[in-house]
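*Asks:* Following is a predicted model, sequence given first.
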Amino acid sequence: MKLIDGKKIAEDIRSEIAIEVRKMLDADHKAPHLVAILVGEDEASQTYVASKEKDCHEVGFISTVYKLSATTTEETLLKTIDFINNDEEVDGLIVQLPLPKHISTNTVIQHIHPEKDVDGFHPQNTGRMMAGMPAFLPATPFGIVELLKRSGIETEGKNCVIIGRSNIVGTPMSVLLSRNANPGNCTVTICHSKTPDIKKYTQQADILIVAVGKPHFVKSDMVKQGAVVIDVGVHRVPSETTKSGFKLIGDVDFDDVARKCSFITPVPGGVGPMTRVSLLINTLKSAKKEIYP
Ligand code: GUN
């Protein structure tokens, strides 16, 4: 069994990005600039945005965070987005999700200029991805593709089973791994909450990608011998063995499953760091006008 070290791979990519930024500055180009909008006080969202800010600083990007109160109206949020859309100094704009219930997520996502939509959530970017055109790809599936590539995992002709059909992970993952590309060319099955007897499908998976949102959902009897297992889940659970009293676990029961795998991602240190670094890759691509020349 080989552990896929997402933390190390993400570090390597950040070093590569930092070199690119240095070259841009040396050529009198400004540094890439990412803006994040955070609405409300959701603790996890605050942590995610703080991590994104830290990542930006590490590679030499400019980072701005707009913190709006939980009672901000949709109109005010859309006006803030307009303002950033029109700021030529800004390369990437993300609105941290989830949003408070009185704000329509779809309306907000569609309001972000597609050429600054480094989350890859705007329908123009998802449509372009589906059509195989240059597009900002959503961070988690993009990060997983990069993990597979950099770990030397062959995908062509493989059976890939994805558990989870969300707009930001499962569905785009299925598009990226079934398309005629490398990584890609998999035969992809998506399982979800209405799939009867999920095990019947997962046992056939050469590559199993789990984004189900349930701690330790995948056990060893669901996994084929020699499979590649990618765990997207992150859950904070009480622990007697850590100082904080908590630990992070995934959707996969790692201790049970690892022995059957050829490759497996740990939690933490697998997919998470790759999701974070993908946002930096997209922001760099935006600053260099690689997607929309
Ligand atoms: N909330 C959870 N994941 C994400 C993400 O990738 N982008 C944004 N904007 N919000 C999120």
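*Replies:* Structure's in. What do you need? Numbers count the residues shown, from 1 in each chain.
*Asks:* what about Leu38, which helix or strand?
*Replies:* For Leu38, the element it lies in under DSSP states H and E is strand 33-39.
*Asks:* oh sorry, the question was meant for Ser286
*Replies:* Counting by DSSP H and E, the element that carries Ser286 is helix 271-287.
*Asks:* Say whether the ligand is contacted by that helix.
*Replies:* No: Helix 271-287 is not in contact with the ligand by CB under 6 Å from any ligand atom; minimum separation 6.5 Å. The way it works is simple: take the backbone N, C-alpha and C, and place the C-beta from them, glycine included.
*Asks:* What is that helix packed up against?
*Replies:* Using 3 or more CB pairs under 8 Å, 6 or more residues apart in numbering; DSSP states H and E, the elements in contact with helix 271-287 are helix 6-26, strand 33-39, helix 43-59, strand 92-95, helix 139-150.
*Asks:* Show me what the fourth one pairs with in its sheet, parallel or antiparallel.
*Replies:* Just to be clear, that refers to strand 92-95. Next to strand 92-95 in the sheet, as set by DSSP bridges, lie strand 33-39 (parallel).
*Asks:* tell me the angle the strand it pairs with makes with helix 271-287.
*Replies:* Here strand 33-39 points in a direction 120 degrees away from that of helix 271-287 (axes from the mean of the first three to the mean of the last three CA atoms, to 10 degrees).
*Asks:* what are the C-alpha coordinates of strand 33-39, in CSV please?
*Replies:* Extracted C-alpha coordinates of strand 33-39, given in CSV (Å, rounded to 0.1, in the frame of the first residue of the first chain):
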residue,chain,number,x,y,z
HIS,A,33,-4.8,38.9,-6.6
LEU,A,34,-7.5,36.8,-5.0
VAL,A,35,-10.5,38.2,-3.3
ALA,A,36,-12.6,36.2,-0.9
ILE,A,37,-16.0,37.2,0.4
LEU,A,38,-17.2,35.8,3.7
VAL,A,39,-20.7,36.3,4.8
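*Asks:* Residues contacting it, please?
*Replies:* Surrounding strand 33-39, the residues in contact under the criterion CB atoms under 8 Å, 6 or more residues apart in numbering are 45-46, 49, 52-53, 56, 61-70, 72, 77, 80-81, 84, 89-96, 99-100, 103, 118, 279-280, 283, 287.
*Asks:* again, but for stretch 209-225
*Replies:* Residues outside stretch 209-225 that contact it (CB under 8 Å, 6+ apart): 140, 144, 160-164, 166, 169-170, 173, 198-199, 202-206, 208, 229-233, 235, 237, 249-253, 256-257, 259-261.
*Asks:* Kindly recompute the last result at 7 Å.
*Replies:* 144, 160, 162-164, 166, 169-170, 173, 199, 202-205, 208, 229-233, 235, 237, 249, 251-253, 256-257, 260-261 (CB atoms under 7 Å, 6 or more residues apart in numbering).
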